[in-house]
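Peer 1: pasted the sequence and its predicted model underneath.
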Amino acid sequence: MSEILDTLAHGAAPRDLSSAGWTEAYRRSVMDTFGPPQRILVRGEGAYVWDADGRRYLDLLAGIAVNALGHAHPTLTAAISAQLGTLGHVSNFFGTPTQIALAETLLRLAGAPDGSRVFFTNSGTEAVEAAFKMTRRVASDDGTPRTRVLALEGAFHGRSMGALALTHKPAYREPFEPLPGGVEHLPFGDTEALEHAFSPAAVAERGPVAAFVAEPVQGEAGVRPLPPGYLALARRLTSEAGALLVLDEVQTGVGRTGSWFAFQQPEVGGGVVPDVVTLAKGLGGGFPVGAVVAFGERAATLLGRGQHGTTFGGNPVAAAAALATIGVIERDGLLSNVREVGALLRQEIEMCGSPLVREVRGRGLLLAVRLTHPVAADVARRALDAGLIVNAVAPDAVRLAPPLVLTAEQAREAARFFATLTLPDDLPDDRPDDL
Ligand code: PMP
């Protein structure tokens with residue numbers, strides 16, 4: 001076994017396996033769209049990972065909200081291996097028990113009514129892309145197709161062309177225009193703007209709304225929860241207009257915020273039942289798997305036979321990974337762990353006494369430490385040097401999205417790092433605005 005892994009690591013030729021050697025090899029072979037790698041990671045266990053030089057890090061990012069069970073979880077490993085050793089892949093002309101069981105499990109956890117259906121993908125972007133196509137299937141009573149889709153400023157929904165049309169950030173969009181049309185971005189959390197978008201005047205000018213798409217907590221915009229009541233208003237307006245309410249829970253779903261779905265928390269969703277929810281990231285515990293849950297009788301009308309598909313979507317090994325991840329979250333009571341350790345992490349960092357820490361915001365174990373100055377990139381670098389993985393999600397915000405298995409002691413370990421933060425000498429003097 002270790003011989004196979006050694007062969008994989010060496011590739012075509014013997015090489016220098018230090019971090020420096022690997023980094024050089026990376027630069028020569030991998031398209032570094034995210035910049036040069038900060039470290040080359042070779043192993044993980046629980047909430048820790050190790051780099052090629054043998055240094056250990058507390059992983060407070062978990063592959064960006066992915067490794068729900070931490071690294072190398074024995075149940076996840078066993079489930080993947082057992083499924084792969086039984087039936088590794090079939091075409092979409094066939095079903096498998098694992099795929100069906102995962103669909104049933106997601107519908108149960110979502111509290112989805114009769115008629116609801118699941119479409120499987122391999123990533124969050126693909127889940128959003130499928131949801132976007134579903135919005136194109138919404139028609140008015142006279143059969144006229146609707147193409148007007150509302151999204152929010154600050155939104156991140158992925159970077160394939162359809163998903164990118166929903167993503168707001170100009171730097172991601174502009175090099176790839178023209179994008180699919182019809183998307184309008186509304187100011188974040190602004191109820192008046194939302195009501196206006198559905199008003200008779202707006203409909204007369206721009207057409208009826210097909211869908212409203214939002215993340216319950218915007219992840220990439222700096223971990224920004226929607227204000228209470230906002231989604232309930234969006235639900236009322238979309239229902240009245242015959243439009244879809246699409247929630248992108250790629251980052252917030254599968255326990256990350258302390259409930260299976262963020263919309264299930266009264267403070268976030270206000271009891272709404274969405275029409276479509278996208279999932280990925282934490283769903284497979286590190287294995288690439290995404291899903292779209294379409295709610296209720298309308299589900300069957302959203303993607304007709306032959307209208308969408310992917311070779312790998314519903315792959316039994318990916319489904320087994322998701323079932324094992326969900327199974328361990330249920331068995332080990334990880335939703336309450338997320339709420340308790342999340343609250344502790346938040347409190348310990350807010351009270352750590354560093355003059356650089358302004359506040360902590362977010363829900364469960366999706367948090368941002370907001371700084372008094374825009375030095376998040378510097379803080380992330382210092383964290384890495386101190387043996388912690390975090391990410392600068394905004395100039396003044398450091399994101400924490402650790403494994404859901406994080407312990408109270410590990411939360412305190414994280415807070416001890418933030419306590420060491422002093423104001424840097426070369427401080428930019430512009431205080432950040434509210435995101
Ligand atoms: N939607 C949201 C809310 C996300 O946070 C992300 C990833 N950051 C995506 C979609 C895209 O998912 P993926 O990277 O798996 O394609």
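Peer 2: On my side now, so go ahead.
Peer 1: pretty sure residue 288 sits against residue 125.
Peer 2: No: with contact defined as CB atoms under 8 Å, residue 288 does not reach residue 125; the gap is 11.0 Å. From N, CA and C alone the C-beta is placed, and that goes for glycine too.
Peer 1: shared neighbours, those two?
Peer 2: Each of residue 280 lies in contact with both residue 288 and residue 125 under the rule CB atoms under 8 Å, 6 or more residues apart in numbering.
Peer 1: neighbour-wise, which of those two wins?
Peer 2: More crowded of residue 288 and residue 125, by other CB atoms under 10 Å: residue 125, with 21 against 18.
Peer 1: for the more buried one, which residues are in contact?
Peer 2: Listed by CB under 8 Å, 6+ apart, the contact set of residue 125 reads 157-160, 163, 280.
Peer 1: ok but it is inside a strand, no?
Peer 2: No: per DSSP: H, G, I helix; E, B strand; the rest coil, residue 125 lies outside any strand segment and is helix.
Peer 1: helix, strand or coil for residue 39?
Peer 2: Following three-state DSSP, residue 39 is assigned to coil.
Peer 1: ok, now how distant is it from the ligand?
Peer 2: Going from residue 39 to the ligand by CB to the nearest ligand atom, to the nearest Å gives 20 Å.
Peer 1: so that residue sits right up against residue 56, yeah?
Peer 2: No: between residue 39 and residue 56 there is no contact under CB under 8 Å: 11.2 Å.
Peer 1: so which of these two has more stuff around it?
Peer 2: Ranked by neighbour count (other CB under 10 Å), residue 39 and residue 56 place residue 39 first, with 17 against 13.
Peer 1: for the stretch 201-350 of the chain, what lies in contact range of the ligand?
Peer 2: Residues of the stretch 201-350 of the chain lying close to the ligand (CB under 6 Å from any ligand atom) are 215, 219-220, 248, 250-251, 280.
Peer 1: how about 5 Å then?
Peer 2: 215, 219, 248, 250-251, 280 (CB under 5 Å from any ligand atom).
Peer 1: per-residue pLDDT, residue 95?
Peer 2: Note for residue 95: predicted pLDDT of 97.
Peer 1: quick one: contacts for it?
Peer 2: Taking CB under 8 Å, 6+ apart as the contact definition, residue 95 lies against residue 314.
Peer 1: so where's this protein uncertain?
Peer 2: Residues of the chain meeting the criterion pLDDT under 70: 1-2, 4-7, 11-13, 427-435.
Peer 1: distance of residue 69 from residue 291?
Peer 2: Remark: distance between residue 69 and residue 291 (CB to CB, to the nearest Å) = 18 Å.
Peer 1: who's more crowded, those two?
Peer 2: The neighbour count for residue 69 versus residue 291, taken as other CB under 10 Å, is higher for residue 291 (30 against 26).
Peer 1: for residue 40, see how far away the more buried one is.
Peer 2: Distance from residue 291 to residue 40, by CB to CB: 31 Å.
Peer 1: repeat for residue 193
Peer 2: Per CB to CB, residue 193 is found 45 Å from residue 40.
Peer 1: likewise residue 384?
Peer 2: From residue 384 across to residue 40, the span is 13 Å (CB to CB).
Peer 1: and what about residue 201, helix, strand or coil?
Peer 2: helix.
Peer 1: residues in contact with it?
Peer 2: If a contact means CB under 8 Å, 6+ apart, then residue 201 has no contacts.
Peer 1: one more: residue 66?
Peer 2: 281-282, 284-286.
Peer 1: just the residues you listed: which are in helices?
Peer 2: Judged by DSSP state H, helices contain none of these.
Peer 1: list just the nearest of those residues to residue 372.
Peer 2: Closest approach to residue 372 among these (CB to CB): residue 281, at 29.7 Å.
Peer 1: which SSE is residue 277 in?
Peer 2: Here residue 277, judged by DSSP states H and E, is contained in strand 276-279.
Peer 1: just checking, next helix/strand downstream of that strand?
Peer 2: As assigned by DSSP H and E, the chain's next helix or strand after strand 276-279 is strand 290-294.
Peer 1: what are the pairing partners of that following strand, and which direction each?
Peer 2: With DSSP bridges as the test, strand 290-294 is paired with strand 117-121 (antiparallel), strand 276-279 (antiparallel).
Peer 1: show me what counts as buried in it.
Peer 2: Across strand 290-294, burial judged by 16 or more other CB atoms under 10 Å covers 290-294.
Peer 1: circling back to that earlier point, okay, and the common contacts of residue 39 and residue 56?
Peer 2: Residues touching both residue 39 and residue 56 by CB under 8 Å, 6+ apart: none at all.
Peer 1: for the stretch 101-250 of the chain, which residue gets nearest to the ligand?
Peer 2: The ligand sits closest to residue 124 of the stretch 101-250 of the chain, with a gap of 2.3 Å, by CB to the nearest ligand atom.
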